[in-house]
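S.K.: got a structure for you, letters missing:
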Ligand code: SF4
Ligand code: SF4
């Protein structure tokens, strides 16, 4: 039993997630099995009809989630770079300037001081954004990830008004893209290039997950503060360690942001302020702004108040902080 | 006695049908002026289509702005038709006859402009039909689409039915002229109306049915418009009282819009004899009731929130009462409540300018109120960010399009005066004859309001 939290290496985790039969790390196997037998799986499709170890990982229904350990997140201020999760995400998705799909907020702590809080889309199970979309352009896929079909979205921005976490962004215009973006193949799972007049957001890098790869932000975090998890399998990994999800949450007082709204986010937080990397709560170092190497701006992004005003006579922030 | 009634009818005919036959230069210039504003708005929209909504002042946090609150405003204005024609027709308020058509015209024009606003707001107007192909009934936006479409159809029918006798009358008069296209058009519109008792009975039935049906439709329309906001988790929107609040506010602003439009048509179409201070007074009584009802609803909404002061709501109200939106909030309060209540209650001559000014003020106030509902709620940050508020400033594109909306509204009203009499002519003539038959004296009306001899609009 003590081996529950035994660390295994990332390679093994990936293999396991990929369902490479028989290569599952010995320590965690019994518990995963035990869990499956004991607790009824959230999604009956997960085990229905076929024994688990024969199911191919790609066809297995998952319940993806995230655990963000704020004890480890120092906002990247101790190493003096812009938040690496946001930066990797932007680089990986050629996200338009001003859009931080995973955004690091500075939050006040009860006893004074501050902590940093990376916020991806929470992939709410009772998602207000999904509930209001008039054309079902935003929807849950079978793994519980909230996706946007940019070929169907009519750009009403109702979902943005409905999201209580500011997790949605609008492609206000056509954006500058780096040349390599031309090779990207659009799918709701990998919305590149961004389509003008539609809503876009974090989608947990769902295109990676079934291949056993970790999302950009998880892989990019130098502190390994972000864990990707599967609620069906009850495991979580940040790329260097694998933990039993339920126990990890239970023993570390995990919480969900604005739980009282009833949106049932799939992202859990473990309270902290970067203490594991020596950041004191009263540390006054601020977040460094992210940069978009290729520009990423919308051409003529903002006209002035009047037709004859020069662009940028008043500042525009896509995502005011 | 007989002569008096005759001349009343003839005068009514000349005055109310004048715009149909004659077009003055003033009218042409006015239409040209409105068309110029609309054209400028169309240019702005082309710019927006070309570069996307980046041309607006909206951003990822304040993602709804000018377009949406003008949509709400116009839907609000559109409520007057339902109230005036349906409720007053049902309660048999005799004095409303000259106003019914104006009310319906306002309704339809405002609905068209409101619908245009929502399309302008869409990021992908080219995918408008997705609403039909993929529409899902769970979404309040689909309720809006259904509601507005139903209300528009219903109002068109309700405008059309009582106008059939008028169209027939125009058709009969056109027989004497040579304009065949016009004749064909009006023959088509008049659907073979001959004024037989059977036709009259049927029409009467149809109008009665419509006047009952239009009321629940109108109420439901503004309810679902409110639901677009009330179904979200934003401060200020997440409220059960929002829908009734919207409905009462809509009636209030529609009533005031009617006072302004009445004043304008009275002046420019020389309807002094038919739209009298008495009409204004009666409308103003309705407006007073609605003012206090609306004040009550606003009071209920704000006081229940302000007592509890949940964190985000507290931020919102600080923003509204003393923060960056305070000028707008207090402008609303002054224009919609304080000044109109003085103007409406302080019954002083001259009645008409006083009430028209009150109407204009209320409309400004209600327009600002829509802004106060939509924008500040979105400026409140929902994430932990040391509470820095977002800001929103409309760009020239938004301002132009919204101005074009207003111009388009006036244009629709102005043009419809060319297509049909702005007062239900035949109905009024019949009423006058009835009154005459009952031996009622019409003379005093003439004495108070000598008819002007000027023709044309
Ligand atoms: S965080 Fe916002 S965008 Fe993401 S699922 Fe929840 S409501 Fe939708
Ligand atoms: S903006 Fe697009 S995804 Fe969002 S509610 Fe409208 S149609 Fe749906």
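M.R.: In hand now; what should we look at? Everything numeric here is computed off the predicted structure, so don't read it as measured data. Ligands and ions are numbered 1, 2, ... in the order given.
S.K.: which SS class is the residue of the stretch 101-250 of chain B with the smallest separation from ligand 1?
M.R.: Nearest residue of the stretch 101-250 of chain B to ligand 1 (Cβ to the nearest ligand atom) works out as residue B:233 at 8.8 Å. Every C-beta, even on glycine, is put in place using the N, C-alpha and C of the backbone. Classification of residue B:233 by DSSP: H, G, I helix; E, B strand; the rest coil places it in coil.
S.K.: that one reaches residue A:164, doesn't it?
M.R.: Yes. Judged on Cβ atoms under 8 Å, residue B:233 makes contact with residue A:164 at a distance of 4.2 Å.
S.K.: how close does the residue of the stretch 101-250 of chain B closest to ligand 1 sit to residue A:131?
M.R.: 11 Å (Cβ to Cβ, to the nearest Å).
S.K.: what sits in contact with each of the two?
M.R.: Applying Cβ atoms under 8 Å, 6 or more residues apart in numbering or on different chains, one finds that residue B:233 and residue A:131 are jointly contacted by residue A:162.
S.K.: residue A:290 and residue A:82 touch, don't they?
M.R.: Yes. Between residue A:290 and residue A:82 there is a contact under Cβ under 8 Å: 4.6 Å.
S.K.: between these two, which one's more packed in?
M.R.: Between residue A:290 and residue A:82, counted using other Cβ atoms under 10 Å in any protein chain shown, the more crowded position is residue A:290 (21 against 17).
S.K.: report the buried residues of stretch B:342-358.
M.R.: Neighbour-count burial for stretch B:342-358, with 16 or more other Cβ atoms under 10 Å in any protein chain shown as criterion, is recorded at B:343, B:344, B:351, B:352, B:354, B:355, B:356, B:357, B:358.
S.K.: tell me which of residue B:233 and residue A:164 has more neighbours.
M.R.: residue A:164 (23 against 18).
S.K.: the more buried one touches residue B:235, doesn't it?
M.R.: No. With contact defined as Cβ under 8 Å, residue A:164 does not reach residue B:235; the gap is 10.0 Å.
S.K.: on that earlier part again, distance-wise, check the residue of the stretch 101-250 of chain B closest to ligand 1 relative to residue B:407.
M.R.: Noted for residue B:233: a distance of 37 Å to residue B:407, by Cβ to Cβ.
S.K.: swap in residue A:122?
M.R.: Going from residue A:122 to residue B:407 by Cβ to Cβ gives 44 Å.
S.K.: which of these two has more residues huddled nearby?
M.R.: Taking other Cβ under 10 Å, residue A:122 and residue B:407 do not tie; residue A:122 has more neighbours (24 against 20).
S.K.: hang on, the more buried one packs against residue A:165?
M.R.: Yes. Residue A:122 is within contact range of residue A:165, at 6.2 Å (criterion: Cβ under 8 Å).
S.K.: overlap in contacts, these two.
M.R.: Counting by Cβ under 8 Å, 6+ apart, the residues touching both residue A:122 and residue A:165 are residue A:257.
S.K.: and the helices in the stretch 151-300 of chain B, which stretches?
M.R.: Ranges of helices within the stretch 151-300 of chain B are B:180-190, B:197-230, B:242-268, B:277-308, based on DSSP state H, counting those that start in this stretch.
S.K.: what sits against the closest residue to ligand 1 within the stretch 151-300 of chain A?
M.R.: Sorted by distance to ligand 1 under Cβ to the nearest ligand atom, the residues of the stretch 151-300 of chain A start with residue A:163, at 3.3 Å. By Cβ under 8 Å, 6+ apart, the contact set of residue A:163 is A:128, A:129.
S.K.: run the chain-centre distance for the helix or strand that contains residue B:141.
M.R.: According to DSSP states H and E, residue B:141 maps onto helix B:140-174. Helix B:140-174 sits 14 Å away from the centroid of its parent chain (Cα atoms, centre = their mean, to the nearest Å).
S.K.: show me which residues of the stretch 151-300 of chain B sit near ligand 2.
M.R.: Within the stretch 151-300 of chain B, no position lies close to ligand 2 (Cβ under 6 Å from any ligand atom).
S.K.: quick check: the farthest pair among the buried residues of stretch B:342-358?
M.R.: Within the buried residues of stretch B:342-358, B:344 and B:352 form the most distant pair, 13.0 Å apart (Cβ to Cβ).
S.K.: how about residues contacting stretch B:199-215?
M.R.: For stretch B:199-215, the surrounding residues in contact (Cβ under 8 Å, 6+ apart) are B:81-82, B:85-87, B:89-90, B:151, B:154-155, B:157-158, B:161-162, B:164-165, B:193.
S.K.: so which residues of chain A form strands?
M.R.: Under the criterion DSSP state E, chain A contains strands at A:64-69, A:103-108, A:114-119, A:138-140, A:146-148, A:168-170, A:199-201, A:226-230, A:235-237, A:242-244, A:267-270.
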